[in-house]
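Asker: make a model of this:
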Amino acid sequence: MSSVDKITASVIQRRLFFINEEMGEAMLRTAYSQILNASRDFSIGMFDGEGRLISQAEHIPLHVGGLPFAMKSVMEYFDGRVHPGDVILLNDPYHGGNHLPDLTAFVPVFVEGNDKPVFWTLNRAHQSDIGGSAPGSYNPAATEIWQEGIRITPLKLYDRGELRDDLLNMIATNVRHKSDFIGDLNAMIGSARVGARRMEELVAEYGFDTTMAAIDHILESSEAQCRARIGDWADGEYHGEAFMDDDGHGIENIRIGAKVTVNGNDIEVDLSDSDPQVIGIVNSSYANTISSVHYAIAYLIDPTTPKNQGTFRPIKVITKEGTVVHPRIPAPVTLSTNHPAQEIAEAVIRALTPACPDRVIAGWGKRYRIALKGEDPRSGKPFIWHLFHARPGAGGSQGADGWSNIGELASGGGLKFGSIEVMEARFPLFFRRHDFRKGSAGDGKHRGGFGISLEMVVETEKPVFAVCAGEGKVHAPFGLMGGKDGKPHFYKVKRAKDGSELELKTKAVGVIIDPGDTLLVESAGGGGFGDPAERDPAARKRDIADGLVDA
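Answerer: All right, here's what the predicted structure looks like:
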């Protein structure tokens with residue numbers, strides 16, 4: 001392997017970054033579903049022939065740590081059977097996926113003189129539906145994974161450039177809205193192929209040996225940057241915990257326990273003390289758990305450090321099989337990418353508060369998802385709409401207030417709420433109100449971000465079927481270092497026929513919303529950081545003048 005100078009390595013690193021960005025733009029411009037082309041619930045990544053994550057775009061933090069497990073599964077299953085023109089799919093959480101709605105498309109990259117892939121480009125995207133017994137594939141009633149959707153273990157959809165249309169038809173037949181699914185899948189594959197072409201061009205320009213030498217340098221540099229930051233933290237054994245409200249089947253106050261040991265520039269995270277796996281959908285697949293730990297640490301290191309395989313080499317994760325963070329088959333796991341992903345990260349962050357108090361962040365609002373399935377009276381066609389509006393607030397930190405309306409911790413602001421006007425044009429919905437929820441942020445030297453108050457009228461002619469799948473009505477976003485907790489979520493439906501109100505549970509299936517009913521959402525605010533008495537009086541005056549808090 002040839003050596004490489006630092007300037008060339010830096011240039012190649014930036015090329016990799018912008019290849020990922022181009023892949024993301026291709027996806028954004030061609031995807032069919034609102035969940036992808038507006039809310040951006042997808043991630044892009046690249047691996048080398050050894051299965052090392054070499055680069056990824058700044059999309060959804062949670063996706064990144066789980067991708068190496070999926071890549072390993074694909075490489076092992078198709079060892080010696082991968083050819084130019086192949087496209088491989090995977091979504092199964094027990095084969096390296098996070099949860100079933102996150103489908104991943106893998107495209108191998110070959111260069112002259114190599115009979116095996118030297119790189120892989122991939123796209124992991126959340127499908128608006130992946131089958132199962134509940135629209136939108138979040139089924140709070142599920143007690144086993146087969147009730148959550150179709151499981152795709154490593155599967156070759158394109159073989160040497162030829163589409164296996166029988167397989168495509170089989171998969172698409174098992175999901176609702178077949179045409180949208182196929183359109184989104186084509187967008188995923190197209191974006192991954194864009195990345196593959198750009199990698200071929202990169203190797204043609206610099207040569208394979210120089211490119212790989214640069215990648216080795218990039219991974220080593222990322223590891224060194226991460227270790228340098230961890231080395232600044234106080235050595236010791238630290239403990240943190242976080243709780244989920246319930247699993248939807250009567251198991252409440254589900255605990256995630258983290259023992260975090262800092263030893264020089266290494267970290268060991270032991271999650272063995274977490275509660276046993278539960279009946280409902282809040283179990284976390286193993287890949288999802290590792291990813292949750294990785295993104296927690298990623299929040300605490302320098303934001304300019306690239307997020308690749310090297311970055312996470314200093315981190316060791318220990319789990320106990322049979323717990324909520326490492327369940328046995330066939331435990332359902334659909335909600336895991338939000339919860340307990342966020343609780344795992346929170347337990348780690350809370351544990352590390354004494355070690356690096358200038359780096360930690362207070363609690364963020366949690367994910368409370370609603371999917372609506374109905375018929376649009378303007379077209380007579382069925383629709384599935386996912387609530388990505390009314391995002392919760394982020395927690396405050398040492399240097400700043402939390403962001404308002406940014407969303408839950410696992411997405412880190414990567415999930416967007418789409419244009420209200422576009423949503424109203426595409427779906428039979430009317431947004432009467434969407435503004436900051438007054439007083440929702442936790443007070444502190446640096447307050448949390450504000451949640452949202454939403455009023456949305458359902459303008460169908462037939463009843464709409466709603467599925468609720470989320471967290472955060474009981475356990476509020478926590479304050480840190482003397483900061484106050486933010487307010488938790490509160491969702492309800494106001495009936496048009498008699499004005500009565502139905503308080504919604506975080507996990508419910510079969511909720512009927514009638515034409516003209518109004519969905520009323522009060523989303524959580526982030527926790528505060530530091531003693532409220534130390535808050536800048538000018539900042540308080542601004543919040544009062546903006547109508548965000550009472551005088």
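
Asker: list the buried ones in stretch 439-446?
Answerer: Neighbour counts using 16 or more other C-beta atoms under 10 Å place 440-446 of stretch 439-446 among the buried residues. C-beta coordinates here come from the backbone N, C-alpha and C atoms, glycine included.

Asker: list just the nearest of those to Thr304.
Answerer: Checking those against Thr304 with C-beta to C-beta, the nearest one is His446 at 21.8 Å.

Asker: for the nearest residue to that closest one once chain neighbours are set aside, give me its contacts.
Answerer: Computed as C-beta to C-beta, 6 or more residues apart in numbering, the closest residue to His446 that is not its neighbour in sequence is Gly396, at 3.7 Å. Counting by C-beta atoms under 8 Å, 6 or more residues apart in numbering, Gly396 makes contact with 361-362, 402, 442, 444-449, 480, 483, 526-530.

Asker: would you mind measuring from Gly396 to Pro101?
Answerer: Distance from Gly396 to Pro101, counting by C-beta to C-beta, to the nearest Å: 31 Å.

Asker: same question, Ile384
Answerer: From Ile384 to Pro101 the distance is 12 Å (C-beta to C-beta).

Asker: mutual contacts of these two, please.
Answerer: With C-beta under 8 Å, 6+ apart as the test, Ile384 and Pro101 both reach Asp129.

Asker: OK, contacts around Ile152?
Answerer: When contacts are counted by C-beta under 8 Å, 6+ apart, Ile152 touches 89-92, 103, 171.

Asker: kindly recompute the last result at 6 Å.
Answerer: Neighbouring residues of Ile152 by C-beta atoms under 6 Å, 6 or more residues apart in numbering: 89-91.

Asker: equivalent analysis for Asp376, please.
Answerer: By C-beta under 6 Å, 6+ apart, the contact set of Asp376 is 383, 428.

Asker: now swap in the one 10 residues further on and tell me
Answerer: With contacts defined as C-beta under 6 Å, 6+ apart, His386 is in contact with 35, 371.

Asker: if I look at it, how far off is Val74?
Answerer: Counting by C-beta to C-beta, the separation of His386 from Val74 is 28 Å.

Asker: sorry, back to before: between the contacts of Ile152, which is closest to Met212?
Answerer: Of the contacts of Ile152, the one sitting nearest to Met212 (C-beta to C-beta) turns out to be Leu90, at 25.4 Å.

Asker: correct me, but the closest one touches Phe106?
Answerer: No - between Leu90 and Phe106 there is no contact under C-beta atoms under 6 Å: 7.2 Å.

Asker: quick one, which of those two is more surrounded?
Answerer: The residue with more neighbours, out of Leu90 and Phe106, is Phe106; 29 against 25, by other C-beta atoms under 10 Å.

Asker: can I assume the more buried one sits in a helix?
Answerer: No - remark: Phe106 does not belong to a helix; assigned using DSSP: H, G, I helix; E, B strand; the rest coil, it is strand.

Asker: would you mind measuring from it to Ala234?
Answerer: Computed with C-beta to C-beta, the distance linking Phe106 and Ala234 is 41 Å.

Asker: also Leu519?
Answerer: 47 Å.

Asker: try Thr173
Answerer: Thr173 is 56 Å from Ala234, by C-beta to C-beta.

Asker: next one: Tyr94
Answerer: To Ala234, Tyr94 is 38 Å away according to C-beta to C-beta.

Asker: so between the two, which is more surrounded?
Answerer: More crowded of Tyr94 and Ala234, by other C-beta under 10 Å: Tyr94, with 18 against 11.

Asker: does the more buried one sit in a helix, a strand or a coil?
Answerer: When classified by three-state DSSP, Tyr94 comes out as helix.

Asker: quick one: the helices in this structure?
Answerer: For the chain, the helices defined by DSSP state H occupy 6-30, 34-37, 61-77, 165-173, 178-206, 208-230, 286-300, 341-351, 420-426, 537-545.

Asker: to Glu503, which of those helices lies closest?
Answerer: Of these, nearest to Glu503 by C-beta to C-beta is helix 341-351, at 22.9 Å.

Asker: helices or strands next to that closest one in the packing?
Answerer: Helix 341-351 is packed against strand 236-246, strand 252-263, helix 286-300, with contacts defined by 3 or more C-beta pairs under 6 Å, 6 or more residues apart in numbering; DSSP states H and E.

Asker: neighbouring contacts of the last one?
Answerer: This means helix 286-300. The contact list for helix 286-300 (C-beta under 6 Å, 6+ apart) reads 61-62, 65-66, 69, 96, 98, 269, 307, 312, 315, 317, 325-326, 336, 341, 344-345, 348-349, 359.
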